[in-house]
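> What shape does this take:
(chains A and B)
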Amino acid sequence: MMTGDTAMRDIFFEECDDLITDLSEGLSAMRDGQTDDAIVNAVFRAVHSVKGAAGAFALDDLVSFAHRFETVLDAVRSHRLSLDDALLHVLQRASDVLADLIDAARDNLPANPAQVDPVVAQLQSFLGDAPQPVEDLDFEAVTLAFDGPDQPARRYLIRFRPNAAFYASGHDPLLIIKALQALGPTSVSVDLTRLPHSLAGLRWQDGLMGWQVVLDGPATDLPILEVFQFVDDLCDLQITAGPDDAAADPVPIAPAPVVEAQTDTSDRSGKRAAASLRVDPERVDRLINAVGELIINQSVISQRLQEASLPNTAELFSDLDDYKLLAREIQEGVMAIRAQPVKPLFQRMLRIAREAADMTGKLVTFTTEGEATEVDKTVVERLADPLTHMIRNAIDHGIEAPDQRIAAGKSAHGSLRLSARQRSGSIVIEIADDGAGLDRRRIRDIAFEKGLIAEDAQLTEAEIDHLLFAPGFSTAKAVTNLSGRGVGMDVVKTAITALGGRVTIASVTGQGTSFSITLPLTLAVMDGMIINLGGQTMVVPIASILETIRPKAADLSQIGLNSTLLRIRGEYVPVIDLAERMGHTTLPRDMTERVLLLIQTDSVPQCALAVDDIFDQRQVVVKSMQGNYGEIAGVSGATILGDGKIALIIDAEAVAQGNTSFPATNSHNRRDVPHVATC
Amino acid sequence: MVTRILAIDDSRTIRTLLTQTLQNAGFEVSTAVDGVDGVQKFQQQHTDLVITDVNMPNKDGFGVIADIRNGPTNRTVPVLVLTTESGAALKDRARQAGATGWIVKPFDDDALIAVIRRLTGAL
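Residues are numbered from 1 along each chain as shown, chains lettered A, B, ... in the order given. Purely as a prediction, here's the structure:
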């Protein structure tokens, strides 16, 4: 088989990823008590396929581990081993090791024996108990040829008389003779002595004919044996070496056994390979970029046409609308290519949770929901690290040890739920545990110790909770192997913010904590409100705008010098001057001349952003600025407008939180960092 | 005349490998992703030799052979079983099922091609 081919390797590793997913799905189904043959077979098959294909690439570590794993699964499959919790646990560890070995092979790294060997030993221990079938150690007999190449040709007499099974298995005597002829000069005669006198009722497959072949050929009988490789037990065969006369007695024929083909049509509820297309992600990215440009181009054209003030433009603009619709349709189609279910990500988390539970000695029931929810590929990839961190945290810090749980009147098994769902243009991923809840007193103490808050700071519970995300904050009392590696939740928040998402916490003491991550459906395009702010054009994401209001004087009340409240439907919401927040120095203008954008998000109460004017609602292509400018407070990115000008995209939520400088990674962006780090 | 081979394996890697190896040797190759697909394709097209994996979803390799051997057409087509098992147990099972021959994975390109040539007469 070919081994050096990188394209082949890629196919192999892609397939391995799928197989590992099948494997972990199967194992978790088994853990849930579904131990019927179909599931066990599917699990076996996944490991078996890894082994089979890995052999082609001479990945010996992988093959030998898969072989052991498969042997245990085979014993389970054939009911020689009964499935209990201990065995399931080992199978799951083996599945993790298999995944690691695949990863190592992908990176051309050697296997880590410290990790592999204990699991091999565990697998072996299960085999020790089970009555083993006679191991297939009997390899095809091979006769080694020690004769030199100058050995004179020898004459062989080969007599063979096929039985019925020979024909039934798809063999053909003519092909055997042809193969023998290829080895050297031959003379062939047919033995018809068994044929009945009357040919009526003759069945060709009854094995009544035999052949004798005299072959002047090879120095050893090895090539001849090879010709009969698959048929040596399907015919009477005699091979004699040395000069001989071809007129030997007819070979006696044993009664032909009737072989019935064994049918195996038992229904195996494995899934059929889905018809799918594998595309290099770079090609999709190119397409997405091009579609982004198309959308920009469309708004350029539409702006130019408006400026040109042509006569009779009604039809033209209706065509332009079609163009817009088509562009949008293409864009949605292209984005859908990048969309991937979160399932593989969640499966990975299952493993993280298992390892964390093993390491901390806690009992955790891990459930996932909404695995089919689709998210942009980049999001799936970049969520792995934050989720890993949060899951470890939840198990390490959130869920209590079994005895503590029992003392608190809970079940010994903690529950950890990872769910994904789509909600009005965003994806919400939630990690919820039923542990002790956040220890707010300790969070406060630590935040004070680290100089994050003043000793007398008046903080709400939510504000305390969000201190977790402050840079450098780490609650682990002792640095455990698991979490608390000096990497705090602030890294989680930064990663999620970089994806245009946000994370919020809800915690009830004694009942648990839940983290909720809200992410945009797509990263590249969003619906934006085009606004004017101090003469500059900017964009506010439509998703965060509840409504736009042109306020009446009667609805506005001044509080103190700089604060204004807007009364809306009987409630008061604070008005934030966006221009001021963005550092623009504009002449104080009467609020009634401005437009208020009512903002509501998950993590902040309602507020109204005051802008100078609103122009339009439009789809904008989001371009990240982080690569060039680092993280800019209150700005989530930029876009190119129809006239070719660049407009900043406002991070309405960060602004609403009065938090335009958090988290500032670049010191030159850092203004007065508020003590309360919220998110 | 070109020898047409139907390769049935649920592993994409093995299918691709087989296709490459066999096409390079001058055979015409079509593939099927599991037993049911394989039997269906076998019945729809002319096939000179079938290579089938054993362990597959929906219908395993021995099921494929049974269907071919009891089927309406071309029931004596040579069928090679491709498997990671080796030894006597495999031979018995393959024999029982009506396999023409068997190849142990990972297979050697040259050996595979030699066997196919012998079983199809495409010498």
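
> okay, now residue 81: neighbour count?
As the question left the chain open, I've gone with chain A. 18 (other CB atoms under 10 Å in any protein chain shown). Every residue, glycine included, has its C-beta placed from N, CA and C.

> Not quite, go with chain B.
27.

> Give the other helices and strands that the strand or helix carrying it contacts.
When secondary structure is defined by DSSP states H and E, residue B:81 falls within strand B:79-83. With contacts defined as 3 or more CB pairs under 8 Å, 6 or more residues apart in numbering or on different chains; DSSP states H and E, the packing partners of strand B:79-83 are strand B:49-53, helix B:61-69, helix B:88-97, strand B:101-104, helix B:109-120.

> got JSON lines for those, with distance to residue A:34 and mean pLDDT too?
Converted to JSON lines, those look like this (distance: least, CB to CB, whole Å; pLDDT from 0 to 100):
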{"stretch": "strand B:49-53", "distance to residue A:34": "25", "mean pLDDT": "93"}
{"stretch": "helix B:61-69", "distance to residue A:34": "23", "mean pLDDT": "90"}
{"stretch": "helix B:88-97", "distance to residue A:34": "28", "mean pLDDT": "78"}
{"stretch": "strand B:101-104", "distance to residue A:34": "33", "mean pLDDT": "85"}
{"stretch": "helix B:109-120", "distance to residue A:34": "38", "mean pLDDT": "87"}
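
> Return the most buried member of the ones you listed.
Highest mean neighbour count among the helices and strands packed on strand B:79-83 (mean count of other CB atoms under 10 Å in any protein chain shown): strand B:49-53, with a mean of 28.

> Would you mark the buried spots in stretch A:183-190?
Taking 16 or more other CB atoms under 10 Å in any protein chain shown as the basis for neighbour counts, the residues of stretch A:183-190 that come out buried are A:183, A:184, A:186.

> which one of the residues you listed is nearest residue A:26?
residue A:183 (48.8 Å; CB to CB).

> quick one: contacts for the closest one?
With contacts defined as CB atoms under 8 Å, 6 or more residues apart in numbering or on different chains, residue A:183 is in contact with A:215, A:217, A:218, A:223, A:224, A:227.

> what do you get for residue A:495?
Residues in contact with residue A:495 (CB under 8 Å, 6+ apart) are A:382, A:383, A:385, A:386.

> and if you look at residue A:591?
If a contact means CB under 8 Å, 6+ apart, then residue A:591 has A:551, A:556, A:564, A:575, A:610 as its contacts.

> Apart from its chain neighbours, what residue comes closest to residue A:184?
Counting by CB to CB, 6 or more residues apart in numbering or on different chains, the nearest residue to residue A:184 once its immediate chain neighbours are dropped is residue A:217, at 3.2 Å.

> I meant to write residue A:612 there.
Ranked by CB to CB, 6+ apart and with sequence neighbours excluded, the top spatial neighbour of residue A:612 is residue A:532, at 4.7 Å.

> Just the element for that neighbour, please.
Per DSSP H and E, the secondary structure element for residue A:532 is strand A:525-533.

> beta partners of the closest residue to residue A:342 other than its chain neighbours?
Of all residues beyond its chain neighbours, the one nearest residue A:342 is residue A:420 (4.8 Å), with distances taken as CB to CB, 6+ apart. With DSSP bridges as the criterion, residue A:420 is bridged to residue A:429.

> Count the residues that sit near residue A:420.
The local packing count at residue A:420 equals 24, with neighbours defined by other CB under 10 Å.

> would you list the helices and strands packed on strand B:79-83 in TSV and tack on distance to residue A:356?
Putting the helices and strands packed on strand B:79-83 into TSV (distance: least, CB to CB, whole Å) gives the following:
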stretch	distance to residue A:356
strand B:49-53	38
helix B:61-69	41
helix B:88-97	42
strand B:101-104	41
helix B:109-120	46
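
> Show me chain A divided up by domain.
For chain A, automatic domain parsing gives the domain ranges A:6-129, A:154-241, A:281-339, A:342-520, A:525-669.

> can you put those in JSON lines and add distance to residue B:10?
Below are these laid out as JSON lines (distance: least, CB to CB, whole Å):
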{"stretch": "domain A:6-129", "distance to residue B:10": "7"}
{"stretch": "domain A:154-241", "distance to residue B:10": "22"}
{"stretch": "domain A:281-339", "distance to residue B:10": "25"}
{"stretch": "domain A:342-520", "distance to residue B:10": "19"}
{"stretch": "domain A:525-669", "distance to residue B:10": "39"}
